[in-house]
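Visitor: no sequence on this one, just coordinates:
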C-alpha cells in the first residue's frame, strides 16, 4: 500500500520477465525488496500481465526457512494452485507427496506441474522471498539438511534452465549475501547473470506515494504532514519498512480519532514520530504484559535471533515447539505471546505455513480465524524484518545479552571438553554468578554445545570442590583458634596456680 514511487523499476522488471524466466531482486537490508515484489510486481501479474500469450497467473509464494524443500512443497500444494475448480477435494497429505517428489525425482518441480496441469491455462510464478534463509543452514552438520538444501537448489536450476514450461522464478536476497552462494556454482552464476538491483526509494518519490493514496478518495494528508516527512528524510535514511510501519500506525491513529479531516502531523507525533514508531509501539505492547509474559517475550525473541561471527544480528525461523524447548517455557505460553506480536496491528512476528501432515490438518481447522490465531504448536515463526533488530532497543539488548551468554557457555564447554582443572578463585566466582543468574538448562544449552550435562557437571564440580576447600580452611582456622584459646586458658590456669 505504501510502496509506490517505483513505477520505472516495476516496468523494468516486468520487461525482464518477458525475456528471462529468473530474476533475483537484490538490495541492501531495509530497501523494500519484499514490499516491491508483493505490492508492485505480483498485483500487476494478477491483473493480467500477458506473458507467453497468457494473462492468467498462479503464484507460488513462500519463504524457504529452515526446510526449503518442505516450504516449496507446501506452497505448491495450496488449494488455489492445484485445484482445477472450487469443488475439487484436495488431499491434506499432498504437501508430503510433493516433498517426496522434489526429493526423489530430478525435474521434481516440472513433474508436479505436469501431473497437476498447473500451467495448462496459466503462467506459474514461483516467488521465493528471503532466499538468504538458505545461508542459515548452509553449514548444517546434518547430512540430510545438506542434501535437502542441494536438492532444493538443483530443482530451481532445472526450472531456470528449461524453456518448455511457462514457469518463472523471482527471488529476493540481500546484496551482501550474494557471494555466499558461491558454493553452489551454477546457481551463483545464474544469480549474477539475472540480478535486478533494487535502488533505495528516494525521498522525492514520497510525494507520488501520497498522491496515489489520496486519489482513492478515502484518505488525504495535511500539507504540513507531507512537508515534515520530506524534511525528515533529507537528513535521515529512508528505510522503507520503517516508513511503512509509521504510515500504517499513523493512519490507524487517524481512524481511532474518527477519520475526520486529513491525516495531521499530530497523528504522527502521537505514535512516536517517524524514528520512534516501532520502539513506541512495541514498548507499549510490552509494558502492558504481565511479568510472566514479559519473561516469555524475552526468551522467545532470544530463541529466534542469533549473532554471526562478524557480530551481525539476524533472525532465525524456528517452530513453536523448538522455541518452547530452548526457552524452557510451555508451548501455550509461547503461542500466547507470539500471537500478540503477530497481530495485524503489530506484525513483528511472521509465521510460516505448517509443513507436516498434523500441522496442515490443524491449520485447516483454524483456516477461518484471524492470522495470528493460526499460530499453533506446529507453526514456524520468525521476525518479519531484520531491521527490527535495530529499531527496538529492548530487542537489541536481549540479542546482545544472549550472544554474551552463549559465548560464556561455549567457553566453559571448551574447558570442560579439554578436561581442564576445575575453576577456582575469581573465575569460579564469575562463572557461578552467571550460572545462578542465567539458570541455563539443557534445551537452551544444546543449541550451542550438545553435551550440556558435561558443562553443568564441570561448573557444579568446580563449585563443590571450592566449597569443600573453603569448608576445610574454615575448619582448620576454627581448630587453630580453638587451640589458641585452649592454650591461653592453660597458661591462665598455670599462672593462677603459681600465684597461689
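Guide: Cool, the structure landed. Because the structure is predicted, anything quoted here is derived from the model rather than measured.

Visitor: check contacts around residue 445.
Guide: 409, 452, 455-456 (CB atoms under 8 Å, 6 or more residues apart in numbering). To be clear about C-beta, it is placed using only N, CA and C from the backbone, and glycine gets the same treatment.

Visitor: how about stretch 479-486: buried residues?
Guide: For stretch 479-486, a neighbour-count test (16 or more other CB atoms under 10 Å) marks nothing as buried.

Visitor: so in the protein, which strand runs the longest?
Guide: When the chain is scanned for its longest strand (criterion: DSSP state E), the result is strand 167-174.

Visitor: helices and strands around that strand, which ones?
Guide: The elements that strand 167-174 packs onto, with contact taken as 3 or more CB pairs under 8 Å, 6 or more residues apart in numbering; DSSP states H and E, are strand 22-27, helix 33-36, helix 108-115, strand 123-128, helix 143-160.

Visitor: take those and write them to JSON lines, including mean pLDDT.
Guide: JSON lines is the format used below for these (pLDDT from 0 to 100):
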{"stretch": "strand 22-27", "mean pLDDT": "97"}
{"stretch": "helix 33-36", "mean pLDDT": "91"}
{"stretch": "helix 108-115", "mean pLDDT": "96"}
{"stretch": "strand 123-128", "mean pLDDT": "98"}
{"stretch": "helix 143-160", "mean pLDDT": "92"}
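
Visitor: turn those into a markdown table, including distance to residue 383.
Guide: What follows is the helices and strands packed on strand 167-174, written out as a markdown table (distance: least, CB to CB, whole Å):
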| stretch | distance to residue 383 |
| --- | --- |
| strand 22-27 | 19 |
| helix 33-36 | 13 |
| helix 108-115 | 29 |
| strand 123-128 | 18 |
| helix 143-160 | 22 |
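
Visitor: where does the stretch 101-250 of the chain have low pLDDT?
Guide: The stretch 101-250 of the chain contains residues with pLDDT under 70 at 137-142.

Visitor: which residues touch stretch 432-443?
Guide: 325-328, 405, 408-409, 452-453, 455-456, 459, 462-463.

Visitor: those, buried ones only, as a ChimeraX selection?
Guide: This is how ChimeraX selects the buried members of those, with burial counted by 16+ other CB under 10 Å:
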select :325,326,327,328,405,408,409,452,455,456,459,462,463
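
Visitor: among the contacts of stretch 432-443, which are in helices?
Guide: Secondary structure from DSSP state H places 325-327, 405, 408-409, 452-453, 455-456, 459, 462-463 of the contacts of stretch 432-443 in helices.

Visitor: which one of the helices and strands packed on strand 167-174 lies closest to residue 75?
Guide: Distance to residue 75, taken as CB to CB, is lowest for strand 123-128 among the helices and strands packed on strand 167-174, at 8.0 Å.

Visitor: now do the buried residues in the next helix or strand after that closest one.
Guide: Of the helices and strands lying after strand 123-128 in sequence (DSSP states H and E), the nearest is helix 133-136. Judged by neighbour count using 16+ other CB under 10 Å, the buried positions of helix 133-136 are 133-134, 136.

Visitor: how about stretch 48-55?
Guide: Here stretch 48-55 shows 49, 51 as buried, counting by 16+ other CB under 10 Å.

Visitor: just checking, residue 264 touches residue 223?
Guide: No - Residue 264 is not in contact with residue 223 according to CB atoms under 8 Å; the separation is 10.2 Å.

Visitor: okay, the two: which has more neighbours?
Guide: residue 264 (17 against 9; other CB atoms under 10 Å).

Visitor: how far away is the more buried one from residue 233?
Guide: 19 Å (CB to CB, to the nearest Å).

Visitor: can you show me the strands along the stretch 151-300 of the chain?
Guide: In the stretch 151-300 of the chain, the strands defined using DSSP state E, counting those that start in this stretch lie at 167-174, 195-197.

Visitor: can those strands go into CSV with extra columns for distance to residue 72 and mean neighbour count?
Guide: Output for these, formatted as CSV (distance: least, CB to CB, whole Å; neighbours: other CB atoms under 10 Å):
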stretch, distance to residue 72, mean neighbour count
strand 167-174, 11, 23
strand 195-197, 21, 15
